[in-house]
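> need coordinates for the below:
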Amino acid sequence: MPEKYRRFQEMEIKHGRIAMLAVFHVIWTGSGHKWDGYCSYLSFPPLKFEDIPAGTLGSWAALPQAGWAQIVAVVAILDNSLFAQDPNREPGDVVGDRIPWVRYEDPEVKFFKLNAERNNGRAAMMGIIGMMVHESLTGNPIYPLPYPSA
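Residues are numbered from 1 along each chain as shown. This next block holds a predicted model:
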């Protein structure tokens, strides 16, 4: 497999995983679930998690820049240390044996599971883009279903 193609596979899987988390965020916060406590003590007035609006663009705009810097830093550290891609493993198989993880010994089952994850990631990438477009046009990321504004 050419090196460039393998890198594209790894990036597609990573972006798919991030998109799946983003879609989960929209659904979870839209159903009224938010953490207790403060998101930022440094802003004035301090920002609580319940003050961050649900959805895609609203929550992105409400989070302070220092919060985004922390998120990017944590993801970068995890991506380059604990979840670094081993070139001897399949693209997307980042955990290895360091963490007790579900392993599939049968190559057909493993191929099916990795393919299912890749397809779910593709669907989530399209879904989160659609949610962002819907929120920018209507203020509701899962239009026509009712969604809280804050």
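> this structure: strands as residue ranges?
38-40, 47-48 (DSSP state E).
> run through who's touching the longest one.
For strand 38-40, contacts defined as Cβ atoms under 8 Å, 6 or more residues apart in numbering pick out 46-49, 51-52, 63-64, 66-67. C-beta coordinates here come from the backbone N, C-alpha and C atoms, glycine included.
> kindly report the same for the last one.
Contact with strand 47-48 is made by 37-40, 62, 64, as judged by Cβ under 8 Å, 6+ apart.
> make JSON lines from these and add neighbour count and distance to Ala84 to it.
Shown next, in JSON lines, are the contacts of strand 47-48 (neighbours: other Cβ atoms under 10 Å; distance: Cβ to Cβ, whole Å):
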{"residue": "Gly37", "neighbour count": "10", "distance to Ala84": "31"}
{"residue": "Tyr38", "neighbour count": "14", "distance to Ala84": "32"}
{"residue": "Cys39", "neighbour count": "18", "distance to Ala84": "29"}
{"residue": "Ser40", "neighbour count": "18", "distance to Ala84": "30"}
{"residue": "Ala62", "neighbour count": "15", "distance to Ala84": "32"}
{"residue": "Pro64", "neighbour count": "13", "distance to Ala84": "29"}
